[in-house]
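[1] Curious how this folds, go ahead:
(chains A and B)
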Protein chains: 2
Amino acid sequence: MRVHLDCFPCFLRQALIALRFGTKDELLQETILKSILGNIEKADTSKPAAYTTTFIHKKIRKLLGSDPFKEIKSEYNHIALRLYPAFKNIINDSHDPLWISTRLAIAGNVIDFGIFSSVDIEGTIHTALNNPLAVDDYSSFSNAISTAEEILYLTDNAGEIVFDRLLIETIISLGKKVRVVVKSSPVINDSTMQDAEESGLIRVCEVIDNGSEVVGTILEWTSSAFQAIFKNAQLVISKGQGNFETLYGSEKKIFFLFQSKCDVVSKELGLSTGSMLLKKS
Amino acid sequence: MRVHLDCFPCFLRQALIALRFGTKDELLQETILKSILGNIEKADTSKPAAYTTTFIHKKIRKLLGSDPFKEIKSEYNHIALRLYPAFKNIINDSHDPLWISTRLAIAGNVIDFGIFSSVDIEGTIHTALNNPLAVDDYSSFSNAISTAEEILYLTDNAGEIVFDRLLIETIISLGKKVRVVVKSSPVINDSTMQDAEESGLIRVCEVIDNGSEVVGTILEWTSSAFQAIFKNAQLVISKGQGNFETLYGSEKKIFFLFQSKCDVVSKELGLSTGSMLLKKS
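    As a prediction, this is how the structure comes out:
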């Protein structure tokens, strides 16, 4: 999905969120925000927004000298972990644990500090569980899981990764092998190996990194090791809008689980912003 | 009121609205939008946002080779004129014509294609008439008008100017002289002499221009003739957020009639976005 001109204001808005997490120094915020204008000027409108966003947030980390999302990521891993037992019980008590844990994994995608500056996780998750999916390819998803031996699971954000763990544990309980993918180093609030550790996911299944610090999954920028794993994957579960924007249109059998958080993506999908999707590629 | 970093994304958003009114050529939209990044880079954060917005929209008109708001301004003057008789009757039938016409003038400030890409005038005006003012200095406003001989009235947008006409006619019916101020040439959808003509205001009272094509009223950039008139004014009625941002804090006796349309201004005022104000300086 190509970047739209409507993404340009959003690049600045998201950069400002990152800067405010990273420093209270307003002059430094201004200097870095202005320096980002050069990245927007270079935006290649034949590519997804993730290309530009990747460069912007790399610059922000460099100029701040630190990862602005480091603390909020840990905080939301721990908040989500405190909610984990209650949601685990809901899944265990359900007649269709795969359905409930899939819904929870999609609902968990609301935890996104790259886009929102604050999130009421518990309230939003409960609301999300009661709302219908705008795109619901669940029966196809359920069939695909039942016939696959191994699933490649592309995570999105920290915090959300605890909800991914719930779905992954359900899939494993069905006798399937799951290999989870995180980023090799921090980019916005995307999950890294540290989040896989904090969320407990590392003790549940194999976790690998994709060799990049890129928003979404820009295959050409991932490691050759990951590219080979992706190429050979029987079935891919892709979390989040960033992965959708960068992988939609791929030849692979992918199920995209995410909330459409911006007007550009929502409009392209013919949906209202905030819609939840379980969409087959 | 100084520009905030939150205004930076909004500069691009507003520029995109203007560009889409001005051309269907997406490559030209992109080229001009990218060229505007340089204006944002130069934004002086010790000045109101209007300084930067003025340069941005001047550049847009220059690079488009035309005024992107020309047609929509005329269209909304005519839409508002069709509503004029009904609202005139409401005012005439009222026990307090000044109160009703003041409310209508504030409600009319919703017509702003610099900020919104579409507006349901009639519905919004009726809603606005039934909602309370978030800041209501009406009794002071009413007293100030009753004691003034002459009032300087700074207009904001085309379309809205028809609602200004209703208030101005009411003030004139109270035996007062009103001198109306428009921009000397187009800037965003601000009223110019052509809008004063189309709205019929030119036949109601004296209309002058402020010698500038500036967002809001940046006194140092207005003509010396206007500066002298402003300096000597007994009482000023100022319409719209742009005039508020650039004149708030002035020594003059000014009543600001507007809707706070953005989060930055609303937050600074401690109000929710969309609030209607009749605020004494």
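[2] With adjacent residues omitted, what lies nearest to the residue of the stretch 151-281 of chain A found nearest chain B?
    Residue of the stretch 151-281 of chain A nearest chain B, by Cβ to the nearest Cβ: residue A:263 (11.0 Å). All C-beta atoms are positioned from the backbone trio N, CA, C, and that covers glycine. Excluding the flanking residues, the one nearest residue A:263 by Cβ to Cβ, 6 or more residues apart in numbering or on different chains is residue A:273, at 5.5 Å.
[3] name the element the one you found belongs to?
    Taking DSSP states H and E as the definition, residue A:273 sits outside all helices and strands.
[4] Now for it: which residues touch it?
    By Cβ atoms under 8 Å, 6 or more residues apart in numbering or on different chains, residue A:273 lies in contact with A:260, A:261, A:262, A:263, A:266.
[5] Residue A:7 is in contact with the residue of the stretch 151-281 of chain A closest to chain B, correct?
    No. Counting by Cβ atoms under 8 Å, residue A:263 does not reach residue A:7; the two are 9.9 Å apart.
[6] neighbour count winner among the two?
    Using other Cβ atoms under 10 Å in any protein chain shown as the criterion, residue A:263 and residue A:7 rank with residue A:7 on top: 23 against 14.
[7] Just the pLDDT at that one, thanks.
    According to the prediction, residue A:7 has pLDDT 96.
[8] for the record, mean pLDDT for the helix or strand containing residue A:87?
    Residue A:87 is located in helix A:70-92, with elements delineated by DSSP H and E. Mean pLDDT, helix A:70-92: 94.
[9] Convert that helix to PDB, retaining C-alpha atoms only.
    Coordinates of each C-alpha in helix A:70-92 appear next as PDB, following Å, rounded to 0.1, in the frame of the first residue of the first chain:
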ATOM      1  CA  LYS A  70      11.800   2.100  26.100                       C
ATOM      2  CA  GLU A  71       9.900   2.800  29.300                       C
ATOM      3  CA  ILE A  72       6.400   2.900  28.000                       C
ATOM      4  CA  LYS A  73       7.000  -0.500  26.200                       C
ATOM      5  CA  SER A  74       8.000  -2.200  29.500                       C
ATOM      6  CA  GLU A  75       5.200  -0.500  31.300                       C
ATOM      7  CA  TYR A  76       2.500  -1.800  28.900                       C
ATOM      8  CA  ASN A  77       4.100  -5.300  28.900                       C
ATOM      9  CA  HIS A  78       3.600  -5.400  32.600                       C
ATOM     10  CA  ILE A  79       0.000  -3.900  32.500                       C
ATOM     11  CA  ALA A  80      -0.900  -6.500  29.900                       C
ATOM     12  CA  LEU A  81       0.700  -9.200  32.000                       C
ATOM     13  CA  ARG A  82      -1.500  -8.300  34.900                       C
ATOM     14  CA  LEU A  83      -4.600  -8.700  32.700                       C
ATOM     15  CA  TYR A  84      -3.200 -12.000  31.300                       C
ATOM     16  CA  PRO A  85      -4.700 -14.400  33.900                       C
ATOM     17  CA  ALA A  86      -8.200 -13.000  33.600                       C
ATOM     18  CA  PHE A  87      -8.200 -13.300  29.800                       C
ATOM     19  CA  LYS A  88      -6.600 -16.700  30.000                       C
ATOM     20  CA  ASN A  89      -9.600 -17.800  32.100                       C
ATOM     21  CA  ILE A  90     -12.000 -16.300  29.500                       C
ATOM     22  CA  ILE A  91     -10.300 -18.400  26.800                       C
ATOM     23  CA  ASN A  92     -10.200 -21.600  28.900                       C
END
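[10] That helix - contacts with which helices or strands?
    Helices and strands touching helix A:70-92, by 3 or more Cβ pairs under 8 Å, 6 or more residues apart in numbering or on different chains; DSSP states H and E, are helix A:97-107, helix A:121-130, helix A:160-173, helix A:193-198.
[11] Give me the contact list for whatever helix or strand comes next after the longest one.
    What it means is helix A:160-173. For helix A:160-173, the following helix or strand on the C-terminal side (DSSP H and E) is strand A:177-182. For strand A:177-182, contacts defined as Cβ under 8 Å, 6+ apart pick out A:149-155, A:161, A:164, A:168, A:171-172, A:190-193, A:195-196, A:201, A:205-210, A:217, A:226, A:229.
[12] Pull out the buried positions in strand A:177-182.
    A:178, A:180, A:181, A:182 (16 or more other Cβ atoms under 10 Å in any protein chain shown).
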